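S.K.: got a predicted structure plus its sequence, pasted below:
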Amino acid sequence: MLFKLLLAPVTGPLGGVTWIAEKLLEQAEAELDDTENLQKRLLALQLSFDMGEISEEDFEAQEEELLLAIQATQTAEDDR
């Protein structure tokens, strides 16, 4: 316990940097998952349209929404 207390000025900042790095990694992975999920939804939408399950109007509206969401996530990634 005393040893840990004596090393606190050295190991404390290192622990903080490690914590911040882990949080940044978690957020980057979450954003990557978001982009992948949006791309999967876009593919599923295209398949639904190709199979005649949705109208062209519905397809175009949902496609635009998904493409804008993908673009927004990519822009957010580029801003970092």
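M.R.: Looks like it arrived, so ask away.
S.K.: and whichever helix in the chain runs longest, average pLDDT?
M.R.: Determined from DSSP state H, the single longest helix within the chain is helix 2-50. Helix 2-50 carries an average pLDDT of 78.
S.K.: starting at the chain centroid, how far to it?
M.R.: Put simply, helix 2-50 sits 9 Å off its chain's centre (Cα atoms, centre = their mean, to the nearest Å).
S.K.: what of stretch 63-75?
M.R.: Relative to its parent chain, stretch 63-75 has a centroid offset of 12 Å by Cα atoms, centre = their mean.
S.K.: about what we covered before: CA atoms only for whichever helix or strand comes after the longest helix of the chain, dumped as PDB, please.
M.R.: Using DSSP states H and E, the next helix or strand after helix 2-50 towards the C-terminus is helix 56-79. Below are the C-alpha coordinates for helix 56-79, written out as PDB (Å, rounded to 0.1, in the frame of the first residue of the first chain):
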ATOM      1  CA  GLU A  56     -39.700   3.500 -55.600                       C
ATOM      2  CA  GLU A  57     -40.900   6.600 -53.700                       C
ATOM      3  CA  ASP A  58     -40.300   4.800 -50.300                       C
ATOM      4  CA  PHE A  59     -37.000   3.500 -51.600                       C
ATOM      5  CA  GLU A  60     -35.700   6.900 -52.700                       C
ATOM      6  CA  ALA A  61     -36.800   8.600 -49.400                       C
ATOM      7  CA  GLN A  62     -35.200   6.000 -47.200                       C
ATOM      8  CA  GLU A  63     -32.100   5.800 -49.400                       C
ATOM      9  CA  GLU A  64     -31.500   9.500 -49.100                       C
ATOM     10  CA  GLU A  65     -31.900   9.400 -45.400                       C
ATOM     11  CA  LEU A  66     -29.400   6.500 -45.100                       C
ATOM     12  CA  LEU A  67     -26.900   8.200 -47.400                       C
ATOM     13  CA  LEU A  68     -27.100  11.400 -45.400                       C
ATOM     14  CA  ALA A  69     -26.500   9.500 -42.200                       C
ATOM     15  CA  ILE A  70     -23.500   7.700 -43.700                       C
ATOM     16  CA  GLN A  71     -22.100  11.000 -45.000                       C
ATOM     17  CA  ALA A  72     -22.600  12.500 -41.500                       C
ATOM     18  CA  THR A  73     -20.700   9.700 -39.800                       C
ATOM     19  CA  GLN A  74     -17.900   9.900 -42.300                       C
ATOM     20  CA  THR A  75     -17.700  13.700 -41.900                       C
ATOM     21  CA  ALA A  76     -17.500  13.300 -38.100                       C
ATOM     22  CA  GLU A  77     -14.700  10.800 -38.500                       C
ATOM     23  CA  ASP A  78     -12.800  13.100 -40.800                       C
ATOM     24  CA  ASP A  79     -13.100  16.100 -38.500                       C
END
